[in-house]
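In: the sequence isn't on hand, but the structure is:
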RNA sequence: GCCCCCAUCGUCUAGAGGCCUAGGACGCCACCCUUUCAAGGUGGAGAUCACCGGUUCGAAUCCGGUUGGGGGCACCA
């Protein structure tokens, strides 16, 4: 087994995140980005963002924007790459989109070809498929059989004459490869099991395993921190690094985020797009805190950390080896914690985009104290305050005698409670219509009627909000205002009256 | 199939040979508070540290094997 020609650790710390814009920012990519960010910030290194868009057929500008926007949303910033700090591309080693770096790849591919370390391959997909199937039948590792390695010049000329374009295959040295993973320690692979792999497609497009190695060298990356799904690909990269005479970076493979069935987290089984969580009103602070703890902990019992605190504490050596299931309940809990930590003004600002524009800014601010302790996600506020923007008729259409009437009471009882409420509230002016006044009047009325407050309030709540679950009743009435509150109480009363008039 | 990685309550985790009759948090259950729902408070159930062997005076922690799970093996990334 051969040793790398250059020692790692001689470079200043530079890490990179290399998302592929073939889909919206994925939870797993976000977490890998976060760990790279924390690692870089912890040691004062440089963080590079590189867009891996060699697969032009699947990459789109929309996905690239989604990835960049959501990374920004999470608070993750990079020193070099596209839209640094939300502005222009910046950095000395750009461009930072692989689709703009093809000259470099072509040059490096030619070097390998000239040195005899790579060769043209004319095999068709069908032929390769057949070989693979045969190998499976023979219980052999599926790998390229080296057919085009032994072509004569005449063979080659004949194939070229047919007008066929060759792919370029890397000639993998049959040797054992060892590396010291930052998280897993010493790992050994036998590259003789690998088979020569394609590094440039027949149409001239360079492939991932090749470009990742070329770019990491060109961008002087010192530590490659990525998902465990790349662990088995690392020996390929190391073989390429050696063939090209590059410096071998340190590798660190972080555990995967898992579906509840412990398979790699996927769109099929989980919600994987960061955007989706953002749209439901998860806070970026909660998301970051949650993601950081999926595979890492500071080794104490503290669990609420800001991004800055995480960067100060983060230690790659404490990252777990085993995968972690994405636990929605825990995310929900953390999100609630972060929502409650916000000031009313901050929460109002965050809630603004989720609430209807019919609710003006000052109303949003007034609504905050009523909903703050009840929110898991920001979007939950929509249903909680819907009674404010719904018309009286819309609310009335929700009235259901089952809900209007408290357990163990009759419709007549419920009507009586509504009548009493109207009686004690209607004398109030609009200015006097404040929660504490409303509450004391209604409590007195309940007491005089011999009702438990909870039972008495039930028909009022349903009348005013159209729902059995609502923000605190009297604060809700205050926000609604005198006239609308009374109109709804009376509408509910009519509903109950109609009920009594009809046969049970 | 081949190669590699992994293994502490349902889940996220603490644990770096004695501090562990295994701690915290989420979730769950009960009670308290209470105008609904939440939030908050108190308490509880929940892990023979996957299994088997070894090393050691002593192992959740070190070693080997077994089992189970996962990942990778593309002219995708």
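Out: Received it, and whenever you're ready, just let me know what you need. No experiment lies behind these values; they were computed from the predicted model shown.

In: show the contacting residues for the residue nearest to residue A:64 when sequence neighbours are not counted.
Out: Leaving out its chain neighbours, the residue that sits closest to residue A:64 by C-beta to C-beta, 6 or more residues apart in numbering is residue A:21, at 4.0 Å. C-beta: built from backbone N, CA, C; applies to glycine. Applying C-beta atoms under 8 Å, 6 or more residues apart in numbering, one finds that residue A:21 lies in contact with A:51, A:52, A:53, A:59, A:60, A:61, A:63, A:64, A:66, A:67.

In: now the phi/psi pair for the closest residue to residue A:28 other than its chain neighbours, please.
Out: Excluding the flanking residues, the one nearest residue A:28 by C-beta to C-beta, 6+ apart is residue A:257, at 5.0 Å. The phi and psi values for residue A:257, taken as degrees, to the nearest 10, are phi -90, psi 130.

In: my guess is residue A:257 meets residue A:26, correct?
Out: No - between residue A:257 and residue A:26 there is no contact under C-beta atoms under 8 Å: 9.2 Å.

In: so residue A:492 makes contact with residue A:418?
Out: Yes - with contact defined as C-beta under 8 Å, residue A:492 counts as touching residue A:418 (5.6 Å).

In: need the residues touching each of the two.
Out: In contact with both residue A:492 and residue A:418: A:459, A:463, using C-beta under 8 Å, 6+ apart.

In: so for stretch A:143-153, what's the average pLDDT?
Out: Averaged across stretch A:143-153, pLDDT comes to 84.

In: what of stretch A:85-94?
Out: 86.

In: what sits up against stretch A:384-404?
Out: With C-beta under 8 Å, 6+ apart, stretch A:384-404 has contacts from A:355-356, A:358-359, A:363, A:367, A:370-371, A:374-375, A:411, A:414, A:458-459, A:462-468, A:470-471, A:476, A:479-480, A:484, A:487-488, A:491-492, A:495-496, A:499.

In: try 7 Å this time
Out: A:355-356, A:358-359, A:367, A:371, A:374, A:411, A:414, A:459, A:462, A:464-468, A:470-471, A:476, A:479-480, A:484, A:487-488, A:491-492, A:495-496, A:499 (C-beta atoms under 7 Å, 6 or more residues apart in numbering).

In: from the chain's centre, how far out does it sit?
Out: 35 Å (C-alpha atoms, centre = their mean, to the nearest Å).

In: list the buried residues of it.
Out: A:384, A:385, A:386, A:387, A:388, A:390, A:392, A:395, A:396, A:399, A:403, A:404 (16 or more other C-beta atoms under 10 Å).

In: strands along chain A, start to end?
Out: A:14-17, A:46-49, A:118-121, A:167-170, A:176-181, A:185-190, A:197-200, A:223-227, A:250-254, A:257-258, A:324-325 (DSSP state E).

In: make a markdown table out of those strands and add mean neighbour count.
Out: Output for those, formatted as a markdown table (neighbours: other C-beta atoms under 10 Å):
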| stretch | mean neighbour count |
| --- | --- |
| strand A:14-17 | 26 |
| strand A:46-49 | 24 |
| strand A:118-121 | 20 |
| strand A:167-170 | 23 |
| strand A:176-181 | 16 |
| strand A:185-190 | 12 |
| strand A:197-200 | 22 |
| strand A:223-227 | 22 |
| strand A:250-254 | 23 |
| strand A:257-258 | 22 |
| strand A:324-325 | 16 |
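
In: got a markdown table for these, with distance to residue A:208 and mean pLDDT too?
Out: As requested, these are exported to a markdown table (distance: least, C-beta to C-beta, whole Å; pLDDT from 0 to 100):
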| stretch | distance to residue A:208 | mean pLDDT |
| --- | --- | --- |
| strand A:14-17 | 14 | 97 |
| strand A:46-49 | 17 | 97 |
| strand A:118-121 | 16 | 94 |
| strand A:167-170 | 12 | 96 |
| strand A:176-181 | 18 | 94 |
| strand A:185-190 | 18 | 94 |
| strand A:197-200 | 9 | 96 |
| strand A:223-227 | 12 | 98 |
| strand A:250-254 | 16 | 97 |
| strand A:257-258 | 21 | 96 |
| strand A:324-325 | 26 | 96 |
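
In: still on that earlier bit, from memory the residue nearest to residue A:28 sits against residue A:294, does it?
Out: Yes - counting by C-beta atoms under 7 Å, residue A:294 is a contact partner of residue A:257 at 5.8 Å.

In: what is in contact with those two at once?
Out: A:31, A:324.

In: tell me which residues of stretch A:77-86 are tucked away?
Out: For stretch A:77-86, burial by neighbour count (16+ other C-beta under 10 Å) applies to A:77, A:78, A:80, A:81, A:82, A:83, A:84.

In: any idea how far apart the tips of that stretch sit?
Out: Terminal residues of stretch A:77-86 are spaced 9 Å apart (C-alpha to C-alpha, to the nearest Å).

In: neighbouring contacts of that stretch?
Out: Identification of contacts with stretch A:77-86 by C-beta under 7 Å, 6+ apart yields A:46-51, A:68, A:72, A:89-91, A:93, A:96-97.

In: how about stretch A:129-139?
Out: So stretch A:129-139 is in contact with A:142, A:145, going by C-beta under 7 Å, 6+ apart.

In: so it, near RNA strand B or not?
Out: Yes - using C-beta under 7 Å from any atom of the strand, stretch A:129-139 reaches RNA strand B at A:132, A:136, A:139.

In: get me the contact residues on the stretch 101-250 of chain A for RNA strand B.
Out: A:121-125, A:128, A:132, A:136, A:139-144, A:166-167, A:184-185, A:187-190, A:193-195, A:197-198, A:201-203, A:205, A:207-209, A:228-233.

In: so where is chain A shaky, pLDDT-wise?
Out: Along chain A, the parts satisfying pLDDT under 70 run over A:1-10, A:499-504.

In: swap in 90 and give it another go.
Out: A:1-11, A:83-94, A:123-164, A:301, A:401-402, A:406-408, A:496-504 (pLDDT under 90).

In: how near is the residue nearest to residue A:64 to residue A:219?
Out: From residue A:21 across to residue A:219, the span is 18 Å (C-beta to C-beta, to the nearest Å).

In: tally up the residues packed near the residue nearest to residue A:147 when sequence neighbours are not counted, please.
Out: Ranked by C-beta to C-beta, 6+ apart and with sequence neighbours excluded, the top spatial neighbour of residue A:147 is residue A:123, at 6.1 Å. Neighbouring residues of residue A:123 were enumerated by other C-beta atoms under 10 Å; the total is 19.

In: quick check: longest helix of chain A.
Out: helix A:482-501 (DSSP state H).

In: and that helix, what does it pack onto?
Out: Where contact means 3 or more C-beta pairs under 7 Å, 6 or more residues apart in numbering; DSSP states H and E, helix A:482-501 is packed against helix A:392-396, helix A:401-404, helix A:411-425, helix A:453-465.

In: which residues touch residue A:433?
Out: Contacts of residue A:433 (C-beta under 7 Å, 6+ apart): A:478, A:481, A:482.

In: any idea how far residue A:380 is from the residue nearest the centre of chain A?
Out: By C-alpha atoms, centre = their mean, chain A has its centre lying nearest to residue A:274, at 2.7 Å. Here the distance between residue A:274 and residue A:380 works out to 19 Å (C-beta to C-beta).
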